[in-house]
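In: generate coordinates for the sequence data below:
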Amino acid sequence: MTETVNQSFNGETLTPASPGYDAARTVFNGLVDRRPQRIMRCSSAADVAAAIASARADGLPLSVYGGGHGVTGSAVVDGGVCVDLRGLDGVAVDPEARIARVGGGATWGVVDAATQEHGLAVTGGRVSTTGVGGLSLGSGSGWLERAFGFVCDNLLAAEVVTADGRIVTASDTENPDLFWAIRGGGGNFGVVTEFTLHLHPLGPIVFGGMLLYPGFMAVDVLRNWRDFMRTAPDEVGSGVALITAPPEEFVPEPARGQPCVGVVIAYAGDPAAAPGVLAPLLEFGPPAANLCQPMPYVAVQQLLDPPNQKGMHNYWTGDFLTDFPDEAVAAWVEHGFPPVSPLTQLIVVAGGGAIARVSDDATAFGNRSAPFNLHMLGMWPPDPSQDQANIDHIRGLAAAMKPWTTGSVYLNFIGDEGLTRVESAYGPAKYARLREIKRAWDPENVFRHNQNIPPA
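Out: Coordinates of the predicted model:
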């Protein structure tokens with residue numbers, strides 16, 4: 001389907017003089033402070049087309065605000081037009097067909113709540129305030145990926161507004177080149193105003209939670225987790241984070257505020273079978289705190305919400321690993337601890353399972369055979385005097401881990417690291433194909449305020 005729309009805008013436009021402008025331009029990363037000339041709050045795909053046309057007519061740069069969670073802060077652009085999708089946040093679930101139609105401005109918390117009413121789920125963000133759009137277009141990593149694949153593996157169709165104002169459908173049968181590109185190629189090819197996602201039976205109760213260990217056990221915990229995850233069933237979603245123990249009641253008092261290790265578990269199988277399957281993790285230690293139990297899936301999805309508050313300063317980078325040998329584990333702990341900021345989270349996520357059984361060529365996103373994925377998430381209070389020390393810490397850790405990396409990257413985990421880093425996410429052949437598709441759909445690079453793929 002292709003639809004050409006008129007250019008009348010029926011949404012709300014905010015300028016710097018408008019009430020609510022400052023709140024509307026704020027993004028997750030407090031380091032980003034950009035002032036668009038106008039924020040065009042869309043209520044339909046036609047509004048999106050009109051907003052794009054207005055930016056082009058005025059020769060202004062354009063950004064797209066979905067969830068605003070990306071560390072680059074690309075949702076807002078200085079002196080340009082922000083196409084705000086947050087009004088397009090509806091979720092319609094067809095439980096018989098196991099399909100959800102999700103607005104481009106929805107967040108994963110909204111999707112999880114709507115699908116769980118029917119005992120259904122799809123891989124979603126690990127923080128519930130993450131936007132569906134940015135995560136999905138970048139591939140979509142989440143706790144359920146080993147069981148159900150990335151978000152992009154569950155994308156059946158998308159409604160896309162193009163640079164020239166058309167509203168088109170991208171699927172296996174309609175505009176298949178565009179459909180291939182948006183599954184991992186980011187927001188380079190158009191604005192997705194609706195995602196049609198395949199759902200899976202899960203919940204509402206699953207087995208999940210977190211195991212917490214003192215920091216001095218980090219090497220042993222990581223080795224045990226690594227060895228288990230190498231052969232773990234697909235149903236096991238898990239990651240290990242080097243963090244600082246929060247001042248919460250569930251943390252033994254001597255450990256509060258001290259370096260610690262958190263093992264997050266999300267089990268997508270029968271909750272009753274989980275303790276037996278997960279015994280090598282649950283019985284290791286013992287942990288200082290064991291918060292793993294049957295719980296609502298939506299609670300598992302919100303486990304990382306408290307330490308990921310909007311407005312903190314953030315500097316992220318990431319890498320895929322070829323392996324995680326003992327030497328790499330030791331380097332990770334040595335250079336990761338102690339963190340400069342107690343808010344910093346250094347996360348290792350296990351690959352494999354369903355994501356590794358999809359051909360690298362099936363979608364724009366590749367790197368599916370990597371056994372582990374590093375997410376180095378530097379976070380600290382909004383104090384500029386702390387910026388450089390925290391940035392240097394993350395860069396130093398990333399440099400120390402390079403001997404074990406694939407040379408590729410998951411773009412959703414990094415900041416603005418340049419075109420060479422973007423190309424590394426795809427490899428030469430796939431990157432060249434993406435540039436040709438970009439030339440076909442956005443020859444003037446209208447959608448460039450992102451991890452950009454320039455047209456060929």
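In: now do stretch 273-289: distance from first to last residue.
Out: Counting by CA to CA, to the nearest Å, you get 21 Å between the two ends of stretch 273-289.
In: and it, which residues are buried?
Out: Judged by neighbour count using 16 or more other CB atoms under 10 Å, the buried positions of stretch 273-289 are 274, 277-278, 281-282, 284-285, 287-289. Backbone N, C-alpha and C define where each C-beta goes, glycine included.
In: ok, residue 343 - contacts?
Out: Counting by CB atoms under 8 Å, 6 or more residues apart in numbering, residue 343 makes contact with 244, 307, 312, 379-381.
In: what is the nearest of those residues to residue 366?
Out: If you rank the contacts of residue 343 by distance to residue 366 using CB to CB, residue 379 comes first, at 28.4 Å.
In: could you pull out the buried residues of the host helix or strand of that closest one?
Out: Using DSSP states H and E, residue 379 sits in strand 372-380. By 16+ other CB under 10 Å, the buried positions in strand 372-380 come out as 372-380.
In: any idea how far the residue nearest the centre of the chain is from residue 192?
Out: Nearest to the geometric centre of the chain sits residue 135, at 4.2 Å (CA atoms, centre = their mean). According to CB to CB, to the nearest Å, residue 135 and residue 192 sit 12 Å apart.
In: going C-terminal from the strand holding residue 379, what's the next secondary structure element?
Out: Immediately after strand 372-380, counting by DSSP H and E, sits helix 387-401.
In: how about that next one: buried residues?
Out: Buried residues in helix 387-401, defined by neighbour count with 16+ other CB under 10 Å: 390-391, 393-394, 397-398, 401.
In: please identify which pair of the residues you listed lies farthest apart.
Out: 390 and 401 (17.3 Å).
In: and the nearest residue in space to residue 326 that is not next to it in sequence, how many neighbours does it have?
Out: Distance criterion CB to CB, 6 or more residues apart in numbering; nearest residue to residue 326, sequence neighbours excluded, is residue 223 at 6.7 Å. Applying other CB atoms under 10 Å, we find 16 residues neighbouring residue 223.
In: so how far is the strand or helix carrying residue 223 off the chain centroid?
Out: Element membership for residue 223, per DSSP H and E: helix 218-229. Relative to the centre of its chain, helix 218-229 is centred 24 Å away, using CA atoms, centre = their mean, to the nearest Å.
In: now what about that helix, what contacts it?
Out: 213, 236, 238, 240, 242, 259, 261, 263, 280-281, 284-285, 324, 326, 329-330, 332-333, 337, 348, 350, 352, 372.
In: quick check: buried residues in it?
Out: Buried-residue list, helix 218-229, by 16+ other CB under 10 Å: 218, 221-226, 228-229.
In: quick check, nearest of the residues you listed to residue 113?
Out: Ranked by distance to residue 113 (CB to CB), the buried residues of helix 218-229 are led by residue 229 at 29.0 Å.
In: which ones among the buried residues of stretch 273-289 lie within strands?
Out: Among the buried residues of stretch 273-289, the members found in strands (DSSP state E) are residue 289.
In: could the buried residues of strand 372-380 go into a markdown table alongside pLDDT?
Out: A markdown table is the format used below for those (pLDDT from 0 to 100):
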| residue | pLDDT |
| --- | --- |
| 372 | 97 |
| 373 | 96 |
| 374 | 97 |
| 375 | 97 |
| 376 | 98 |
| 377 | 98 |
| 378 | 98 |
| 379 | 98 |
| 380 | 98 |
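In: kindly reformat the residues you listed as TSV containing distance to residue 23.
Out: Below are the buried residues of strand 372-380 laid out as TSV (distance: CB to CB, whole Å):
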residue	distance to residue 23
372	38
373	33
374	33
375	28
376	29
377	24
378	25
379	21
380	23
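In: give me every residue that touches residue 336.
Out: Residue 336 sits next to 242, 346, 397 when contact means CB under 8 Å, 6+ apart.
In: looking at the residues you listed, spot the one nearest residue 453.
Out: Nearest to residue 453 among the contacts of residue 336, with distances taken as CB to CB, is residue 397, at 27.8 Å.
In: which residues does that closest one contact?
Out: 332, 335-336, 346, 376.
In: out of those, name the ones that lie in helices.
Out: Counting by DSSP state H, those place 332, 335-336 in helices.
In: relative to residue 438, which of these is nearest.
Out: Looking across the ones in helices among the contacts of residue 397 and measuring by CB to CB, the closest to residue 438 is residue 332, at 35.9 Å.
In: I'd like the distance between the closest one and residue 219.
Out: Taken as CB to CB, the span from residue 332 to residue 219 is 9 Å.
In: neighbours around residue 428, how many?
Out: As a burial measure, residue 428 scores 9 neighbours (other CB under 10 Å).
In: can you put the buried residues of helix 218-229 in CSV and add distance to residue 342?
Out: CSV is the format used below for those (distance: CB to CB, whole Å):
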residue, distance to residue 342
218, 16
221, 19
222, 20
223, 25
224, 25
225, 22
226, 25
228, 28
229, 27
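In: just the closest of the residues you listed to residue 183, please.
Out: Using CB to CB, residue 229 comes nearest to residue 183 of these, at 25.2 Å.
In: for the closest one, give its distance to residue 444.
Out: Counting by CB to CB - residue 229 and residue 444 are separated by 45 Å.
In: which residues touch residue 358?
Out: Neighbour list for residue 358: 149, 153, 368 [criterion: CB under 8 Å, 6+ apart].
In: please enumerate the helices of the protein.
Out: 21-25, 45-57, 108-116, 132-137, 145-148, 176-182, 218-229, 274-277, 279-282, 297-301, 326-336, 387-401, 419-424, 428-441.
In: export these to a markdown table and tack on distance to residue 125 and mean pLDDT?
Out: Below are the helices of the chain laid out as a markdown table (distance: least, CB to CB, whole Å; pLDDT from 0 to 100):
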| stretch | distance to residue 125 | mean pLDDT |
| --- | --- | --- |
| helix 21-25 | 21 | 98 |
| helix 45-57 | 22 | 97 |
| helix 108-116 | 4 | 98 |
| helix 132-137 | 5 | 97 |
| helix 145-148 | 11 | 98 |
| helix 176-182 | 17 | 98 |
| helix 218-229 | 21 | 98 |
| helix 274-277 | 22 | 98 |
| helix 279-282 | 23 | 98 |
| helix 297-301 | 8 | 97 |
| helix 326-336 | 23 | 98 |
| helix 387-401 | 21 | 98 |
| helix 419-424 | 21 | 94 |
| helix 428-441 | 24 | 97 |
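In: for residue 249, find the nearest of those.
Out: helix 297-301 (17.0 Å).
In: which other helices and strands contact that closest one?
Out: helix 108-116, strand 205-214 (3 or more CB pairs under 8 Å, 6 or more residues apart in numbering; DSSP states H and E).
In: noted, bye for now.
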